[in-house]
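*Asks:* Sharing a model that was predicted from the sequence below.
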Amino acid sequence: MSSRFLMLAGLMALGACDTPEAPTPVAVLSPGPVAPAMQKVSIGASPVLSSAGIFIAIERGYFAEEGIEADTTTFASSGAELLPSLVKGDLDVGGGNISAGLYNAFNDGHGLRIVADKGTVMKDCGYLALIAANQHVPDGDVSKFEIKKGFRMGTTAPGVSQEIVTERWAQHYGLTLDDIEIVHLPYSGFLPALANGGLDATVQIEPHVAKAVAEGIAVRIAGDEVVYEDQQSAAIFFSEKFITERPEVAQAWMKAYVRGLRDYNDAFFYDHRYDETVALLTQWTKVKEIELYSQMVPVGLKPDGSLYTDALAADAQWLTEHGYVKAPVDMSLVVDTSFVEKANQELGPYVPPKQPEPAAAVNEAPKPKPKRVMNPDGMRPGVGKGKKARKAQ
């Protein structure tokens, strides 16, 4: 075999060794599921304690968990002030006191709805209270106070739930609405007016009541439950556009809101995460002094968000009889409890947090823990699911 042939064979063998291997297939990863875009929901509410359910749901991420971006605007006078934006659909959700404008808008064909609780005057929950300028309460003794003819008293707008209870206070002292002068101011304007003589007395809301007392501006006479227990003073409203165009989002919003209501009850009635909850609320309400929250009378916010529909109907009738509402209102249409009822079905019944057992003293037998009086559904008296309330007297 010639050397030339051997060289050629060697080169061929070498070339065979240098032949590149077939490329290893690379796995192509398909993109995972794309997270749905957050749904922006425009909310209007006043910076007061009765808006706690909204503020807690925002700060603890309950709306975000439901895929909702809560775009919140605060209104000084809530109900009547935010109503035009709610009617136009600029707001999806409103939270405020019940007003004649709400019912007139409904009668005019705007399909907004009352959907959940945002403030009920219940026993031991007189968060709305009659307060009076110091000069009208001799020695600070509330038993010496009385509303007198010509008194200037405030409400946030004509034909609101405050005016109904103001009449009851006037009647409590033997007068009528015609015997007093009503002045319309935002909640934040009541205390300066009491201080400078612009008002003699007024029905005010927490946290402004506690602030008025702490600053020596006024004396708290009594909670509104003295003259109108179970008044559905404020509520959550959904706009027609929100209900018809995005009902699933509306339902998700309600679920998050009810979670906020439950946290509020945990904190203010069972001392669960109280300090944390108060710190959260100082970011939203007008009262920044943490110590004032322990001096406030808690707002009646039912943990299931249900409404006292009898009280709503009685107040709607009052507003109609006094000329604020142009025609009788079909309450079966304007009140829609389906959203809050479904939210509670999804969340299950409210269960109050367990209270820690007190430590027993050394060599002392443990004492039986007194039972908390509960409704059959496990809720505190006055904070249950009841839809009915005693009718206006």
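*Replies:* Nice, I can see it.
*Asks:* could you check the distance from Thr320 over to Tyr103?
*Replies:* For Thr320, the distance to Tyr103 equals 8 Å [CB to CB, to the nearest Å]. For every residue, glycine as well, the C-beta is placed using N, CA and C.
*Asks:* those strands in the stretch 51-200 of the chain, which residues are they?
*Replies:* For the stretch 51-200 of the chain, the strands defined by DSSP state E, counting those that start in this stretch occupy 68-74, 93-97, 113-117, 120-121, 128-133, 152-155, 181-184.
*Asks:* the bottom helix or strand of the chain by mean pLDDT?
*Replies:* helix 3-17 (a mean of 42; mean pLDDT, DSSP states H and E).
*Asks:* which ones are touching Lys211?
*Replies:* 191, 217, 286-287, 292 (CB atoms under 8 Å, 6 or more residues apart in numbering).
*Asks:* Quick check, pLDDT for Asp275.
*Replies:* On pLDDT, Asp275 comes in at 96.
*Asks:* should've said Pro356
*Replies:* pLDDT, Pro356: 64.
*Asks:* Low-confidence bits of the protein, can you list those?
*Replies:* In the predicted model of the chain, residues 1-35, 77-80, 356-393 satisfy pLDDT under 70.
*Asks:* change it to 50
*Replies:* For the chain, residues meeting the criterion pLDDT under 50 lie at 1-23, 25-30, 360-393.
*Asks:* Can you give the distance of stretch 263-272 from its chain's centre?
*Replies:* 14 Å (CA atoms, centre = their mean, to the nearest Å).
*Asks:* Among the contacts of Lys211, name the ones in helices.
*Replies:* Those of these mapping onto helices are 191, 292, per DSSP state H.
*Asks:* Quick check: of the contacts of Lys211, which lies closest to Ser338?
*Replies:* Lys286 (33.6 Å; CB to CB).
*Asks:* if I look at Val115, how far off is Asn134?
*Replies:* 40 Å.
*Asks:* Neighbour-wise, which one of the contacts of Lys211 leads?
*Replies:* Highest neighbour count within the contacts of Lys211, by other CB atoms under 10 Å: Val287, with 23 neighbours.
*Asks:* May I have the beta-bridge partners of Cys125?
*Replies:* As for beta bridges, Cys125 partners with Met122 under DSSP bridges.
*Asks:* what about the helices in the stretch 101-250 of the chain?
*Replies:* Secondary structure of the stretch 101-250 of the chain by DSSP state H, counting those that start in this stretch: the helices cover 161-172, 187-196, 208-214, 225-228, 240-245, 247-270.
*Asks:* Can you point out the buried residues in the third one?
*Replies:* Along helix 208-214, these residues count as buried under the neighbour rule (16 or more other CB atoms under 10 Å): 208-213.
*Asks:* TSV for those, including distance to Leu347?
*Replies:* Below are the buried residues of helix 208-214 laid out as TSV (distance: CB to CB, whole Å):
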residue	distance to Leu347
His208	32
Val209	31
Ala210	31
Lys211	34
Ala212	36
Val213	36
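*Asks:* Outline the domain layout of this protein.
*Replies:* For the chain, automatic domain parsing gives the domain ranges 39-120+232-347, 128-231.
*Asks:* circling back to that earlier point, more crowded one of Val115 and Asn134?
*Replies:* Higher neighbour count among Val115 and Asn134: Val115, with 25 against 14, using other CB under 10 Å.
*Asks:* pretty sure that one contacts Val334?
*Replies:* No - Val115 is beyond contact range of Val334, at 10.1 Å (criterion: CB atoms under 8 Å).
*Asks:* Tell me, how many residues neighbour Lys342?
*Replies:* Counted by other CB under 10 Å, the residues lying close to Lys342 total 14.
*Asks:* For my notes, confirm it occurs in a strand.
*Replies:* No - under DSSP: H, G, I helix; E, B strand; the rest coil, Lys342 sits outside any strand and is assigned helix.
*Asks:* For it, give its distance to Gly305.
*Replies:* Counting by CB to CB, the gap from Lys342 to Gly305 is 11 Å.
*Asks:* Please enumerate the shared neighbours of the two.
*Replies:* Met254.
*Asks:* since we're on the closest residue in space to Gly140 that isn't next to it in sequence, how many residues are nearby?
*Replies:* Leaving aside its chain neighbours, Gly140 sits nearest to Val219 (5.8 Å; criterion: CB to CB, 6 or more residues apart in numbering). Neighbour count of Val219, defined by other CB under 10 Å: 21.
*Asks:* isn't Val219 right up against Ile131?
*Replies:* Yes - the pair Val219 and Ile131 passes the contact test of CB under 8 Å, sitting 6.5 Å apart.
*Asks:* okay, and the common contacts of these two?
*Replies:* Joint contacts of Val219 and Ile131 (CB under 8 Å, 6+ apart) are Val213.
*Asks:* Show me what counts as buried in stretch 228-237.
*Replies:* 228-237.
*Asks:* quick one: which two of the residues you listed are the most distant?
*Replies:* Between all members of the buried residues of stretch 228-237, the farthest pair (by CB to CB) comes out as Glu229 and Phe237, at 23.6 Å.
*Asks:* now Asp71: how far from Ala64?
*Replies:* The gap separating Asp71 from Ala64 is 12 Å, by CB to CB.
*Asks:* Repeat that for Ser188.
*Replies:* Computed as CB to CB, the Ser188 to Ala64 distance reads 30 Å.
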